[in-house]
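Q: Let me see the structure of the following:
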Amino acid sequence: MTSLTDIKKIFLEGDVDRAIALLDEYVAAHPESDEAYFLRGNAYRKKENWQEALNNYSEAMELNPEGPATLAYNATIEVLDFFNKDMYNQ
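A: As a prediction, this is how the structure comes out:
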């Protein structure tokens, strides 16, 4: 199994789809990893898949309310509120 460090590197190199696929595998094996959900949220945000990003941040927040996902979730909501209030009505 690919480590989170390796997945982060793949994501930072721009292979977002591969990072998501690897994170899917990682989360299946480590459902308690708030960091994996947070990273997957970042990857979906990069692809502008806002709903999946928010879903993953929410999972990370449930596991670790003090983690970085809370800030990322709130920032994503602010961006969506600012740019597209109708996004929630799809």
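Q: how far out from the middle of the chain is stretch 53-72?
A: 8 Å (C-alpha atoms, centre = their mean, to the nearest Å).
Q: same check, this time on stretch 59-77
A: On C-alpha atoms, centre = their mean, the centre of stretch 59-77 falls 9 Å from the chain's centre.
Q: Also stretch 21-29?
A: That offset, for stretch 21-29, works out to 12 Å (C-alpha atoms, centre = their mean).
Q: now stretch 65-85
A: Here stretch 65-85 is found 11 Å from its chain centre; the criterion is C-alpha atoms, centre = their mean.
Q: Ok, stretch 22-31 next?
A: 12 Å.
Q: Ok, stretch 40-48 next?
A: That offset, for stretch 40-48, works out to 5 Å (C-alpha atoms, centre = their mean).
Q: I'd like the next helix or strand past the helix or strand hosting residue 5.
A: Assigned by DSSP states H and E, residue 5 belongs to helix 4-12. Moving toward the C-terminus from helix 4-12, the next helix or strand (DSSP H and E) is helix 16-29.
Q: What are the contacting residues of the helix or strand just after that following helix?
A: For helix 16-29, the following helix or strand on the C-terminal side (DSSP H and E) is helix 34-46. Helix 34-46 has contacts (C-beta atoms under 8 Å, 6 or more residues apart in numbering) with 4, 7-8, 11, 16, 19-20, 23-24, 26-27, 30, 50, 52-57, 59-61, 63-64, 67-69, 72-73, 76. All C-beta atoms are positioned from the backbone trio N, CA, C, and that covers glycine.
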